[in-house]
Structures are given as C-alpha cells and as structure tokens.
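[1] next one to model:
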Amino acid sequence: MTFGRGREDDDVVFLARGDAEDAEKYCVNLKTGETGKVAARVFIKILCDLRVAARIFDFAILLQEVVDFWYNGGGLYFTTRFGELFMKNFRYCNPMEIVFGKDQIATLPELIPADLTVMITYGGGSIKKNGVYEQVMKALAGRKVVEFGGIEPNPRYETLMNAVAEVKRNNVGFLLAVGGGSVLDGTKFIAAAARFEGADPWDILEKGAAVQDAVPLATVITLPATGSESNPLAVISRESTRQKLAFSSPKVFPKFAIIDPETNFSLPMPQVSNGIVDTFVHVSEQYMTYPQNAPLQDGMAESIYRVLVEEGPKAIKDPKNYDVRANLCWAATWGLNLWIAQGVVEDWTSHGIGHEITAFTGTDHAKTLALVLPAVWKHQRREKGEKLVQFGQRVFGLTETDREKMIDRVIERTKAFFREVGIDASKKAYGVTEEVCQKIAEVFTQRQAKLGEHGAIGPKEVAEILALCD
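    Numbers count the residues shown, from 1 in each chain. Predicted coordinates:
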C-alpha cells in the first residue's frame, strides 16, 4: 500500500517549539537559512499563499496571531514543520496470516509445506507443561521435526547462534516459534543468520547489514505482549558486550501466526502483567508525539489503550476468562502490527532507554518500560502536551481544564494503571543505580544517538529522564 501527497514539504520551513528567547536557535527557514522572526513570517506567507484548503488558510491566520503574540512578549508558542500539518506519505505491507481462536493449533498441517524439515523453537520449557507442545507435535505427526529450546526472555546472540548451527546441520526448511515474543524475536534472528553470507551475523544488528534471505518462519504465540507475530521487527541481546539491539527486515515477517487465547491460561502472573504493560507502551511510542491530522490512527490507538485499561485488570483477577484473554491477545497484535504508525511521527525513547536498563541490570523489558515511560512524559511534557491531554480525555475520561494539572494527572493515572496490573516500577527495585544511569548516558554518548520525535533527546536528556524515574 502506498499512500500520500505527491509533493515534498519537509524542507520548506522548520519551527520548533520554544519560548521567545529560543527563536534564533529554533526558528529556521531550511531553504534560506534565515532564523528568528523572519523565518516565522516566511512560514505564514507560505501557508497564506498556498491556500491549499480553507482550513489551512484559517490556520495560517490563527498562527499569524500567535506569532504576533509571541514576538510581543508572549510565552509558549506552537510551531511545526509545514509537512507536519498533514498525515505523512507512507507505504504499508503486511503479508502474514492470522489464525485466531480455540483449537487452531490443529491447523498447522494446512499451513506448513509437508516436504520441509521443521525446527520448533521455544524457551524454558513451559510449553511442555501446559499442553501446547503436545498439541504442536500431534499436529505435525509424520513430519520431520527437530527442536531447539532454551531461548531466553531477552534472547541472546550466543544462544541463537547455536540454533543457527542446528538449522544448517539438519537442513531445516521452516522455523516454528512456539512461545512468546522473545522466542519469536530470537527465531527471526535465527532465520536471518542461517542464510547470512557475511562474516558475522551480528552485523545485521550492529551495522545494519541487509538481510538478503531468511528461512521461512511462523509462530504459535502463547504470550500477548510484543506484537512480534505481526511485524518484521526483533530485539536481540549480546551478553559478551552488554548490547541489546534491534533489526527489521521484511524477510522475517512470519508466514502466519496461530493465536489461541486458551494457551494464555497457565501463564505466570508476572508474564501477564508484563504483556499488558508492553502493549501499552508500544501503542504509546507510536501515538504520544503531537497532533498530525491523523484521526484514524489516533482513534485506533485510543481503542487499543481502552481495551488494555478495561481488560488488563480483569486478566489479573480472572486468569481463565477466555473473552478477556482474547481481547488482550488481539490488542497486543494491533499494538505493533504497525497500522497505527502509518503516516505519523513516532518516539521510541522509552524503548531506547529501557533496552539499556535491561542490558545492564537484566530487568524484564516491560518493567523497564513502566519505569521509563512516565519519566519521558514528564521530561517532554511541553512537546507532548497536546497528545497527553487528548489521551487523558479520551482514554482515562479525565476532565481537568488546566493543561499542566491534566498532564500531571495523566502521568499519575498511568502509573496507577501499571500498579493495578501488577507492576510497581522503581529504580531501587530494579537495581538502576547512579552508576548504571551514568553508564547508560555514556552509551548514548558513544553512539551519538538522538531519540524523540524531533531528534532532540541526547545523552544529557537521557540522564535527565533517568533522574526523573521513580
């Protein structure tokens, strides 16, 4: 799918959010290099001259008034790229199949070619205790099947390379990940690494080496959390270097995903809690930036949020409620099938910092997100204010009229929700010491990495966000 306007707007004028004294630094015409008030006037002229639609002209008049207010001593000033007034151009393709509902593991013979050797990958062995392994093996009876277990909750490169060796030794033609998102992420890397022609498959993650081919894969997903069953993304850790990095390639899209909510019934409660929070933050990283005239994406994201807020606590109280589990499974898939990310700017700051916390402390991924997300919102309250207010009104039903008080209430209500589903996040509980915080900031310095929807969150800001964590 290709969607968008046949014009390029992002190089016209850049105006960042800022107070009056920030004008010379942030208000820049990218074509002329002019700064400050001149650039702001050019921006208004562009809008008024184009008169693309009546509402754009009306916005230009409104913005002219705001500019006059700003330069006459007014405070906070709304500014943006011209292109950010509209939904961005995008291309979207999701070629995988979802097989959802009770007893669907039995459909595996219809989905995997009969002549291929299948490798089943899994984690610590819980699938052999809850009946899932038995269902899979029964469905694949008569097929050539090999197994690889022991994939960690944060899948490790060292472990996965052992699986790659087994894939090559057994001439495996299809990979079936049976478990949660970590097992599937690890299996995506196995699929890519097994056919990687370079010297070191770690280059896929560290250097962005292209994935030219991959072993076909699919999943029986048993933990709703990551949405990995419906996207081409994976996150892998390397113990020897304390790195946790991500990669993406259309070559590792699962061919299909079987989602049977009944496989969730036996999950340990901490995993249920992690899954709910992980999905919540996935949605947040795609939604919580600034308004971009994308009401469909916003509405879809807000619907996922509401399902999590309503159904999450029920899953804690009534773990074997099929309808609740089904809703959470589907919410997790939609949380990161990338539909709500189309045409909008994203901000994966919480994940970027959270991955480093996991790398240094071993803390569960979702717990790091519950720790970091509220701190990001505190730190970026000016940049994200409009969406935080919108979120508070539409998801939590808050009616506070004062903007700053509303933002405070949204942050506190979000932390209360995390506690309600079983995660009470704190630096002390997770071993996030001052030394760890310093090391994380150093990582961002070494990588020269910038996070945030405006690319304005660097090492200094990461340190400030960590200081704001509870």
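[2] where does pLDDT dip in this protein?
    Across the chain, the ranges flagged by pLDDT under 70 are 1-85.
[3] the same query, at a cut-off of 50, please.
    For the chain, the stretches with pLDDT under 50 are 5-62, 64-83.
[4] buried residues in stretch 385-405, which are they?
    Buried residues in stretch 385-405, counted by 16 or more other Cβ atoms under 10 Å: 385, 387-392, 394-396. Just so you know, the C-beta spots here come from the backbone N, C-alpha and C atoms, and that holds for glycine as well.
[5] next: stretch 410-425.
    Buried residues in stretch 410-425, counted by 16+ other Cβ under 10 Å: 410-411, 413-415, 417-418, 421-423, 425.
[6] what do you get for stretch 189-204?
    If you call a residue buried by 16+ other Cβ under 10 Å, then stretch 189-204 has these buried ones: 189-196, 201-202, 204.
[7] before we move on, what about stretch 98-107?
    Buried residues in stretch 98-107, counted by 16+ other Cβ under 10 Å: 98-99, 104-105.
[8] which residues does it contact?
    When contacts are defined by Cβ atoms under 8 Å, 6 or more residues apart in numbering, stretch 98-107 is touched by residues 111, 132, 135-136, 138-139, 220, 229-230, 256-262, 322, 326, 329-330, 333.
[9] Provide a ChimeraX selection command restricted to the buried entries of those residues.
    Filtering the contacts of stretch 98-107 down to the buried ones (16+ other Cβ under 10 Å) takes a single ChimeraX command:
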select :111,132,135,136,139,220,229,230,256,257,258,259,260,261,262,326,329,330,333
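[10] from the contacts of stretch 98-107, which land in strands?
    Mapping the contacts of stretch 98-107 onto strands (DSSP state E) picks out 220, 256-259.
[11] got a markdown table for these, with distance to residue 180 too?
    Output for the ones in strands among the contacts of stretch 98-107, formatted as a markdown table (distance: Cβ to Cβ, whole Å):
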| residue | distance to residue 180 |
| --- | --- |
| 220 | 11 |
| 256 | 17 |
| 257 | 12 |
| 258 | 13 |
| 259 | 12 |
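[12] what comes up buried for the longest helix that the chain contains?
    For the chain, the helix with the greatest residue count under DSSP state H is helix 295-317. Burial within helix 295-317, assessed by neighbour count using 16+ other Cβ under 10 Å, is assigned to 297-298, 300-305, 307-309, 311-315.
[13] try stretch 361-376
    Neighbour counts over stretch 361-376 (16+ other Cβ under 10 Å) mark 361, 363-376 as buried.
[14] narrow the residues you listed to those in helices?
    If you go by DSSP H, the buried residues of stretch 361-376 have 361, 365-376 in helices.
[15] that older thread, closest one of the buried residues of stretch 361-376 to residue 464?
    Lowest distance from residue 464 to the buried residues of stretch 361-376 (Cβ to Cβ) belongs to residue 375, with 8.8 Å.
[16] list the contacts of residue 314.
    Neighbouring residues of residue 314 by Cβ under 8 Å, 6+ apart: 321, 324.
[17] what separation do you get for residue 200 and residue 174?
    Counting by Cβ to Cβ, to the nearest Å, the separation of residue 200 from residue 174 is 25 Å.
[18] for residue 247, same thing?
    Distance, residue 247 to residue 174, using Cβ to Cβ: 21 Å.
[19] same question, residue 295
    Using Cβ to Cβ, residue 295 is found at 41 Å from residue 174.
[20] one step back: relative to residue 449, which of the buried residues of stretch 410-425 is nearest.
    Distance to residue 449 across the buried residues of stretch 410-425 (Cβ to Cβ) is lowest for residue 425, with 23.2 Å.
[21] on the three-state scheme, the closest one is what?
    Recorded secondary structure, residue 425: coil (DSSP: H, G, I helix; E, B strand; the rest coil).
[22] that one touches residue 370, doesn't it?
    Yes - counting by Cβ atoms under 8 Å, residue 370 is a contact partner of residue 425 at 4.0 Å.
[23] so what does whichever strand or helix holds residue 412 touch, helix or strand wise?
    If you go by DSSP states H and E, residue 412 is part of helix 403-420. The contact analysis (3 or more Cβ pairs under 8 Å, 6 or more residues apart in numbering; DSSP states H and E) places helix 403-420 against helix 269-287, helix 295-317, helix 365-379, helix 381-394.
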